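Engineer: Below is the structure, and that's it, no one-letter string:
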């Protein structure tokens, strides 16, 4: 097959965008057609993405050069739009389009009958194209632009059911919290341009070594701040659990497989620059990732909403990837991003299927769904085993590579990684036992009437919903095999300069054994507590004292961020002080002057005929006075 | 051509004045035709403007008061360069929008539309003048229609607000006049081009004082902290069209004056005070944004956000480099269209709900989806979302100013975070949430004039956001000579 042309690569991005515009302009009254059009558009993008991947594979993952186009030019400021197509891009394109395609198909049934069906597909198209634009960007500023646009689509989709106050609040929270990260990102963009006059990613990476340590530190920390926001890392992770207010397929695509991975992608894209930066920066990244992985896993253990379990799991797994990047594990991080996208999308869609049947996301109201939902049950089991890292499923291979990097570079973080692996297996199987085992506890009869809460007895979901689950189960099992011989690593390392390519590392038996034991122990512990009830979870909870309560309250981080920092300190404190200062200090002086003048105005109104005249005489008096003053002052000028 | 742009609204105002009493309702059509013609001319000027040629184009000039022996003369001189061309276009666009959103004004419509057109002429005169005295005359002329429009057709404490606006501007312009006179008499000319080419090196009062005299008037107009408090009052009590003109065009007279007069004629003083200016700018951005967060009235909210956003203009100016100055010019244009649109949308909400209290409004999206969507787009533009024009301008300002003023720039970038806060929180409170019974009967934007005004503004926001070169090429040709002078001075 011949190499993909530049026009065809642009089409990957433009086709879903065009479809979204057509839906917005023409198909609002024809929802079924809107859905079909978007599936068709993303299908086209998917085929083109496969072609692009095939092309870069032929180039051993190295960049296939296309010249950029000038978007804006002002003096020495030139902003270009271009395509960077290499192994990393190719993999991301396929991940995004594959998951997006399956999610769109699933949504035809999940969103059936929703009043905003066409709007949903328009937003989904906007998101998919923005995400593809982000991945394709050859310039840092171009990447930032799409970074913000995926944020917008995320905002629109979280708040899709905007008549629910909780959804509207969650959408706003997501946008603003990530904006705090983007504040750093934008400063990084400004800094690198001020120092180098460059936005081109390849050029920045190639010349990173020549920058001073301070500039490198500032730039990389700025990028990392953006990644912390987008990829929901501590302490900006607080938006992601709330984002579950959006429709479940949205969570599967945006808040599991693609957008939240953009932060990881950003660091990987600038990996050579991060490697050149002071080691404190990468160490910080590794520790933030590990801390996030650990904290989120603890919260996943106590969550009772199946979607939130998955949300915390996503945060935790993203922490894993960030930790790997901090430890220099470029291949491991992207490999885990790759496998995670498939099994996590599968799990989210599975939770949507369960919700479709029971009308709730609360696992305490589920149970015993094994027999009534066989496809959902089996695929959810496969996804959970893969996420838990059980041999030989996809998650096993990618997780092991991360743990291997940790073992080689930082034993403490290796310990954290193994602990998180145990907790991951535990919370996933806790969810499985609560959802699929035991007796059905009745679900919930919905009164909201929205598509997320269909009601009727538990039953398997219709074909358009279960087929994507079945399809995703295949990569969840098998896709890990692509790097057994290092092929995947070879492909994505093509994006790096030769000096940073490490080739395929040898597996370490200690890593394999400890991660497998951790996973099995986690599953066993979940079985003991939530299936055999020996001991019953309530008993254990009581023994642990206040700790579970702290975790259930999310370590009070939402309270600290929203109630204390934003409401008390910012809104009630600083902003209020500014407002009072403005009213009572700045404006009081003005009003005093105003009263004096109104007095003058009253006087002149009495002597003339009304307001208009009062005004004009005042104006005239002012001008005349000024002229007189100046002519007196400038007498000597006139004499000249 | 520029004389036509200047005079057509004035002629329209005359025609309206001559309309017989019984046909008062036709005033709006006359106003629409006049402002529409002016808008067409402004588009023509913008399109025909030669982007590769520096200096003024379309110049109309004759001498008016000749007093060569006394060392000065006063002339009538109009012309546009790359800096004023976008401002002329902005004036043309917003004037049409202002007339359109006033179509349902029924109180003394003849006077109302006549004053609106006089306002357009006055503002156009400021942007077109190539002579300081002429500039000053138009600058003062603008006050008369503004005062009357606010105090007669306004609401709330309209007379207080109109007087406050008046006093502030007069206080500023008295100082400005002093500055102009000293400059002109010292140099022997009031011609801006000639003053720019050979600015006075000393005068009877220190040049630094002249700098601050003139700058004061422009900073009040912009406005920035601490001379901004007239703005929220004037906006809150002004009718919608006047808010649109005030935020959209009048504020730009401040930034325009600095770029056109202060920097080229007093470049050394600008260099001396650049840090102070940047500090004022950075503080204004954050201070304005913080106060915006606290506002309970939609119109006051948009007004305070203007204080914050005009801080970006001053920040770009204080950078004194070509990119920063271009950013300031871009921000003037984009803020004009974005905030103009926001005021139109707030006006539409107020026309229907008869309240602007955020706490009383909720779930409006169900009743007025079109108004809601356009308001959200305008809000996203205001918070600097890429793809919309505000991003391009803010980014350019920041890129131009980081090196020169890192602290002020970081503060200003933080203003963008706060902007996301006040915009999205407002959207959440006013538009989302369950339908509210109280607003169940409100119509959406259903009149053609409302839709046309919204559409025109929206198009300009999208075009500049997606293809900024429409504007940047023009601005570059205008900023280039100014930046050269300023940098030579430093």
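Structural biologist: Alright, I've got the coordinates. Predicted, not measured: the structure shown is a model, and the values here were computed from it.
Engineer: And for residue B:345, nearest residue in space, chain neighbours not counted?
Structural biologist: residue B:375 (4.2 Å; Cβ to Cβ, 6 or more residues apart in numbering or on different chains). In this view, the C-beta of every residue, glycine as well, is placed from N, C-alpha and C.
Engineer: and that neighbour, what element?
Structural biologist: helix B:369-382 (DSSP states H and E).
Engineer: how about the helices in the stretch 351-500 of chain A?
Structural biologist: A:369-372, A:374-388, A:394-409, A:411-436, A:463-478, A:487-493 (DSSP state H, counting those that start in this stretch).
Engineer: wait, which of these is closest to chain B?
Structural biologist: Chain B lies closest to helix A:487-493 among the helices of the stretch 351-500 of chain A, at 27.6 Å (Cβ to the nearest Cβ).
Engineer: need the next SSE after that closest one, C-terminal direction.
Structural biologist: helix A:509-530.
Engineer: buried ones in that following helix?
Structural biologist: For helix A:509-530, the neighbour count (16 or more other Cβ atoms under 10 Å in any protein chain shown) marks A:511, A:514-516, A:518-520, A:522-523, A:525-527, A:529-530 as buried.
Engineer: Looking at the residues you listed, which is nearest chain B?
Structural biologist: Closest to chain B, out of all of the buried residues of helix A:509-530 and judged by Cβ to the nearest Cβ, is residue A:530, at 37.2 Å.
Engineer: can you tell me how far the residue positioned nearest the centre of chain A sits from chain B?
Structural biologist: With distances taken as Cα atoms, centre = their mean, the residue of chain A nearest its centroid is residue A:260 (2.5 Å). According to Cβ to the nearest Cβ, to the nearest Å, residue A:260 stands 19 Å off from chain B.
Engineer: That residue: what's its closest spatial neighbour, skipping adjacent residues?
Structural biologist: residue A:231 (5.4 Å).
Engineer: Pop out the phi and psi values for that neighbour.
Structural biologist: With angles defined as degrees, to the nearest 10, residue A:231 sits at phi -90, psi 20.
Engineer: Just give me the neighbour total for it.
Structural biologist: 31 (other Cβ atoms under 10 Å in any protein chain shown).
Engineer: How about residue A:328?
Structural biologist: 19.
Engineer: sorry, back to before: pick the most deeply packed of the helices of the stretch 351-500 of chain A.
Structural biologist: helix A:394-409 (a mean of 26; mean count of other Cβ atoms under 10 Å in any protein chain shown).
Engineer: List the buried residues in stretch B:272-283.
Structural biologist: B:273-274, B:277-283.
Engineer: For residue 122, what is the enclosing helix or strand?
Structural biologist: In the absence of a named chain, this looks at chain A. helix A:117-136.
Engineer: Please refer instead to chain B.
Structural biologist: helix B:109-128.
Engineer: What's the local residue count around residue A:314?
Structural biologist: Based on other Cβ under 10 Å, the number of other residues close to residue A:314 is 28.
Engineer: how about the helices in the stretch 201-350 of chain B?
Structural biologist: Using DSSP H, counting those that start in this stretch, helices in the stretch 201-350 of chain B cover B:207-221, B:230-237, B:240-245, B:251-257, B:263-265, B:267-272, B:274-294, B:298-319, B:322-353.
Engineer: Pull the distance from the last one to the chain's centre.
Structural biologist: The chain centroid and the centroid of helix B:322-353 are separated by 8 Å, computed with Cα atoms, centre = their mean, to the nearest Å.
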